[in-house]
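Engineer: Whatever this is, show me its structure:
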Amino acid sequence: MEHQKARRQQQVRRQFRVRKKLTGTPERPRLSIRRSLNHIYCQVIDDSSGRTLVSASSLDKDLRSQVGYGGNAGAATAIGKIVAERAKAAGITAVCFDRGCRKFHGRVAAVADALRENGVHV
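Structural biologist: Residues are numbered from 1 along each chain as shown. As a prediction, the model looks like this:
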């Protein structure tokens, strides 16, 4: 139990360290990534108004058939592509990438690469 508490505290510290440098503006909103074992969630957030502008996850009903299992890099790439399409439709061409407490590799990097390939500057 003590180990779990210490690990969570380390995650919170890393998250604050990353987020203190990032702020989503209307011109360049923040792209927040949440990753669990089985799914991945993305939100494009304007912090000045506190609104979520665009979101997608491996749980969306229209994406479930495309993605299948949401806990791999293929699903992260598909989610990144869909977030990029929705962001461009909303007039967003650049985002601040908020990786949270996660390292920038694997599924997190796959989302960023998919965004870049589909025309959103990260």
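
Engineer: Which of the helices or strands spans Ala112?
Structural biologist: For Ala112, the host element (DSSP states H and E) is helix 107-117.

Engineer: Give me the buried positions along that helix.
Structural biologist: Arg107, Val108, Ala109, Ala110, Val111, Ala112, Ala114, Leu115 (16 or more other CB atoms under 10 Å). The C-beta positions use only the backbone N, C-alpha and C, and glycine is treated the same way.

Engineer: Give the full set of residues in contact with Ala110.
Structural biologist: Contact partners of Ala110, counting by CB atoms under 8 Å, 6 or more residues apart in numbering, are Ala73, Ala76, Thr77, Gly80.

Engineer: In contact with the residue nearest in space to the middle of the chain, which residues are there?
Structural biologist: If you average the C-alpha coordinates of the chain and look for the closest C-alpha using CA atoms, centre = their mean, you land on Ile33, 2.4 Å from that point. By CB under 8 Å, 6+ apart, Ile33 lies in contact with Ile40, Tyr41, Cys42, Phe97, Asp98, Arg99, Gly100, Arg102, Val108, Val111.

Engineer: Sort out for me which of these are in strands.
Structural biologist: When these are checked against strands using DSSP state E, the ones located there are Ile40, Tyr41, Cys42, Phe97, Asp98.
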